[in-house]
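[1] How does the following fold in three dimensions:
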Amino acid sequence: MSSEHRARLPERDRPWMMRTYAGHSTAKASNELYRRNLAKGQTGLSVAFDLPTQTGYDPDDELARGEVGKVGVPISHRGDMAALMDGIPLAEMNTSMTINATAAWLLALYIVAAENQDPPAPQERLQGTTQNDIIKEFLARGTYAFPPAPSMRLIADMIAYTVEHVPRWNPINICSYHLQEAGATPVQEIAYAMSNAIAVLDAVRERLGAASPGTSPKAEGERARERMEQVFGRISFFVNAGVRFVEEHAKLRAMAILWEELGRERYGVQDARKLRFRYGVQVNSLGLTEAQPENNVQRIVLEALAVTLGRDARARAIQLPAWNEALGLPRPWDQQWSLRIQQVLAYETDILEYPDIFEGSKVMDALVAELLRDARAEMAVVAEHGGAVEAVPYMKAALVDSHRERIHRIEEGRQVVVGQNRFTETEDSPLTADAEGGILVVDPAIEAQQIEDVRRWRAERDQAAVEEAIAALAAAARDDSASVNLMLPTIAAARAGVTTGEWARTLRGVFGSYRAPTGVGEAAGTPGDEELDELREQVARLHEKLGRRPKMLVGKPGLDGHSNGAEQIAVRARDSGMDVVYEGIRLTPAQIAASALQEGVHVVGLSILSGSHRELIPAVIDALRDAGVAAPVVVGGIIPEQDVAALERAGVAAVYTPKDFDITRIMREILALLDARAGASGNGAGGGSPGNGSSASTPRGDSPAGSRAIGSSASGA
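    Have a look, this model is predicted:
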């Protein structure tokens, strides 16, 4: 038998890199966790940073309240990074950092920590990846810090710097993972990720520098092509893989074909090695359920097959979520379970023994061709909008629509979720029987400790060196010529002892701030059905009782940027005929209270998925009370059962968690709550002054929070 047709490989393939997305509380605690995970057979690090670190705030900033150490590790300065990597030889380790807006800063801290290790790890030996994908943050995850243009400059400067000085580093993961979490279909995930990659590569090409003196145009053109080939070869992807694992595998094969086409045709890449579609993956978290969470284990296993079965499209690195992520933060034991899933797949099964098992499959080839056709069409639409940066509002609205359609299918039972909308009878689970409900609970005292630590750091450093470094950073930011690369003053600032918040504040002072589009105002209306018609009738009756349309404010206090659920509540409230004020992400309690008062809302809906609900929800209620707003507060998010009673004591009228997937039922209960309050008071159902209204989706300049009144859509349009 010829070698082309052997059933088995001459020797078994090496496994992919195995990671666990981890980090919490403090740098020291996270370091201990990393070392234990490495001892268990993990082969690379995947660092989870807390939200203040991701968005550029120090622990003592007002917006950091309740968020410190919750969803990841707080890193405020080079001392924290040194503690995080203590005893881990960075010249040998492969480290992935899920960091975007502040990616340049965290890489600078990593470089400084490495050069101060004993023995030193020079930057040319460092291996790893920074996610560094800001367009996806505008669309899906919300941890942006600066407007689009300067954000793209930061990315381009970082890529140009690493290709020359940190050549083994992947400076960006084009990240489609969070697009799927925000509701993207496979076609949208492919199209938006590739459009994003084009925007990044085009921006880098502009920043690679002017022609060298005395160089002929032909020689300069070849030099530019070679540099772009280097850049292209260092671009990697971070993808999602859902439970429909056959289609998900086809998606990855389609992405590999498109990536090679882009390299050859748009950027002149000739080296076959640099044309490879290199990706890491975390399988789907959107599909994990709070109801019967033990079912998540088999979901994770099946999703892992999508990225491991076919050799020609196999992941280079994998991290699996824990079974209990719909309940709260996973414990070390839960993360070990996910690591062991990878190890059983790699070492006990035979998937690494064969050539590509889908080669020549008519079904797979047809599915790939279908995805390619539709993805190219959607990429053309993005291009018609001016490319990925300019198309952010279009793509955001499309994702909101896709997510709404997904939820509607689940509500109607057309998309089965076992244990949630079908086969719901269950025994009590021993996995969640402990006092914490089967999750990790971060000590609230951690935040005070981190505040004290960062203030001590500022007091003990060389302040003159810090001020000089900050001034140099600001000057470089003001000069956007291609010859000025922001990585150089960023690394100098890290060495000088500048903090995360100071670095970001300096750049915000030059670049300005930004609020990404919510996609809610532009989203299509929910198709009419009997249940929605009943909701509209309920709203109409309440309208008569109140003397005006019931108005709902949907708010996201703190730094949590996962806004998918809040957006769907806002869209359904709008489609039921309510007036809706949705202000997007990253609001202080005072801003929410000011908007509630100004808009005269009847109910306030708050969404938090980051674990900061115990601190932020009472703070919002206190702010509403101080402002004289009597509107009831309802809360949604990843909220453990043991926290519900405390929130109710604080004044919350209702709590909804991932198991409450039926949004129509949620809206019915909110309207019933308002109707009962209206009946009790005789007219209004609470709230502040009625406000003067505003046009749909138009920012109100006189509002402290820049609120957006979405209006109503009783016609479903």
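
[2] buried set for stretch 584-597?
    Neighbour-count burial for stretch 584-597 flags 584-597 (criterion: 16 or more other Cβ atoms under 10 Å). Where C-beta positions appear, they are placed from N, C-alpha and C, glycine not excepted.

[3] give me every residue that touches residue 283.
    Residues near residue 283 by Cβ atoms under 8 Å, 6 or more residues apart in numbering: 240, 241, 242, 300, 303, 304, 306, 307, 318, 320, 321.

[4] Name the nearest residue to it, sequence neighbours excluded.
    Nearest residue to residue 283, sequence neighbours excluded (Cβ to Cβ, 6 or more residues apart in numbering): residue 303, at 3.6 Å.

[5] Pull the number of nearby residues for the one you found.
    Residues contacting residue 303 under the criterion other Cβ atoms under 10 Å number 25.

[6] before we move on, what about the one 10 residues further on?
    Here the count is done by other Cβ under 10 Å, and residue 313 has 24 residues near it.

[7] how close does it sit to residue 19?
    19 Å (Cβ to Cβ, to the nearest Å).

[8] just how off-centre is whatever helix or strand residue 302 lives in within its chain?
    Assigned by DSSP states H and E, residue 302 belongs to helix 295-306. Distance of helix 295-306 from its chain centroid, counting by Cα atoms, centre = their mean, to the nearest Å, is 21 Å.

[9] which parts of it are buried?
    The neighbour-count check on helix 295-306 (16+ other Cβ under 10 Å) flags 295, 296, 297, 299, 300, 301, 302, 303, 304, 305, 306 as buried.

[10] pretty sure residue 616 is touching residue 559, no?
    No - in this structure, residue 616 is not within contact of residue 559 by Cβ atoms under 8 Å, at 9.8 Å.

[11] Next one: residue 687, what pLDDT does it get?
    We note a pLDDT of 56 for residue 687 in this prediction.

[12] contacting residues around the residue nearest to the spatial centre of the chain?
    Closest residue to the average C-alpha location of the chain: residue 141 at 3.2 Å, with Cα atoms, centre = their mean. Shown in contact with residue 141 (Cβ under 8 Å, 6+ apart): 100, 178, 181, 182, 561, 562.

[13] Out of those, list just those in helices.
    Of the contacts of residue 141, the ones assigned to helices by DSSP state H are 178, 181.

[14] any idea which of the contacts of residue 141 is closest to residue 328?
    Distance to residue 328, by Cβ to Cβ, is smallest for residue 562 among the contacts of residue 141, at 14.0 Å.

[15] sorry, back to before: max pairwise distance over the buried residues of stretch 584-597: which two?
    Among the buried residues of stretch 584-597, 585 and 597 lie farthest apart (Cβ to Cβ), at 20.4 Å.

[16] I'd like the domain boundaries of the protein, if you could list them.
    15-209+220-420, 530-709 (automatic domain parsing).

[17] Pretty sure residue 586 sits against residue 562.
    No - counting by Cβ under 8 Å, residue 586 does not reach residue 562; the two are 11.7 Å apart.

[18] Now the common contact residues for the two.
    Residues touching both residue 586 and residue 562 by Cβ under 8 Å, 6+ apart: residue 142.

[19] where does the chain have its least confident helix or strand?
    Lowest by mean pLDDT, DSSP states H and E among the helices and strands of the chain is strand 698-699, with a mean of 30.

[20] Any chance of TSV for the contacts of residue 283, columns pLDDT and distance to residue 649?
    Listed next are these as TSV, based on pLDDT from 0 to 100; distance: Cβ to Cβ, whole Å:
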residue	pLDDT	distance to residue 649
240	95	38
241	95	41
242	94	39
300	97	36
303	96	39
304	97	42
306	96	44
307	97	45
318	97	43
320	96	37
321	94	32
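
[21] can I get those residues in TSV with distance to residue 208?
    Below are these laid out as TSV (distance: Cβ to Cβ, whole Å):
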residue	distance to residue 208
240	31
241	34
242	37
300	41
303	38
304	38
306	36
307	33
318	33
320	37
321	37
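
[22] what secondary structure does residue 107 sit in?
    Following DSSP: H, G, I helix; E, B strand; the rest coil, residue 107 is assigned to helix.

[23] from now on call the first residue 350
    All set: I'll call the first residue 350, so the last point we hit is now residue 456.

[24] Near it, how many residues? Count them for me, please.
    Residue 456 sits with 27 neighbouring residues when counted by other Cβ under 10 Å.

[25] Contacts for stretch 682-696, please.
    Residues contacting stretch 682-696 (Cβ under 8 Å, 6+ apart): 364-365, 367, 369, 371, 386, 389-391, 646, 649-650, 653, 657, 667-673, 679, 700-701.

[26] hmm, 7 Å instead?
    Stretch 682-696 has contacts (Cβ atoms under 7 Å, 6 or more residues apart in numbering) with 364, 367, 369, 371, 389-391, 649-650, 653, 657, 667, 669-673, 700-701.

[27] How far off centre is it?
    The chain centre lies 24 Å from the centre of stretch 682-696; the measure is Cα atoms, centre = their mean.

[28] Start and end of stretch 356-367, how far apart?
    One end of stretch 356-367 to the other measures 27 Å (Cα to Cα, to the nearest Å).

[29] same check, this time on stretch 903-912
    End-to-end distance for stretch 903-912: 10 Å, by Cα to Cα.

[30] Same check on stretch 732-746?
    From its first residue to its last, stretch 732-746 covers 16 Å (Cα to Cα).

[31] Any buried residues in it, and which?
    736, 737, 738, 740, 741, 742, 743, 744, 745, 746.

[32] I'd like the mean pLDDT over it, please.
    Stretch 732-746 comes out at a mean pLDDT of 96.

[33] Could you do stretch 554-568 as well?
    Here stretch 554-568 scores 68 as its mean pLDDT.

[34] which outside residues touch the helix holding residue 651?
    With Cβ under 7 Å, 6+ apart as the test, helix 644-655 has contacts from 590-592, 594, 597-598, 632-633, 636-638, 667, 669-670, 672, 687, 690, 694, 767-768.

[35] What subset of these is buried?
    Here, 16+ other Cβ under 10 Å leaves 590-592, 594, 597-598, 632-633, 636-638, 667, 669-670, 672, 687, 690, 694, 768 buried among the contacts of helix 644-655.

[36] Neighbours of residue 914, how many?
    Using other Cβ under 10 Å, residue 914 has 23 other residues around it.

[37] hang on, it packs against residue 955?
    No - counting by Cβ atoms under 7 Å, residue 914 stays clear of residue 955, with 11.0 Å between them.

[38] quick revisit: looking at the contacts of residue 490, spot the one nearest residue 851.
    Taking Cβ to Cβ as the measure, residue 449 is the one of the contacts of residue 490 closest to residue 851, at 18.9 Å.

[39] nearest residue to residue 724 other than its sequence neighbours?
    Nearest non-adjacent residue to residue 724, counting by Cβ to Cβ, 6+ apart: residue 539, 4.0 Å away.

[40] Determine the three-state secondary structure at the one you found.
    helix.

[41] With adjacent residues omitted, what lies nearest to residue 839?
    Computed as Cβ to Cβ, 6+ apart, the closest residue to residue 839 that is not its neighbour in sequence is residue 457, at 4.6 Å.

[42] count of residues packed around the one you found?
    Residue 457 has 27 neighbours, counted by other Cβ under 10 Å.

[43] now swap in residue 619 and tell me
    Neighbour tally, residue 619, other Cβ under 10 Å: 11.

[44] mind pulling up the phi and psi values for it?
    Main-chain torsions, residue 619, degrees, to the nearest 10: phi -110, psi -30.
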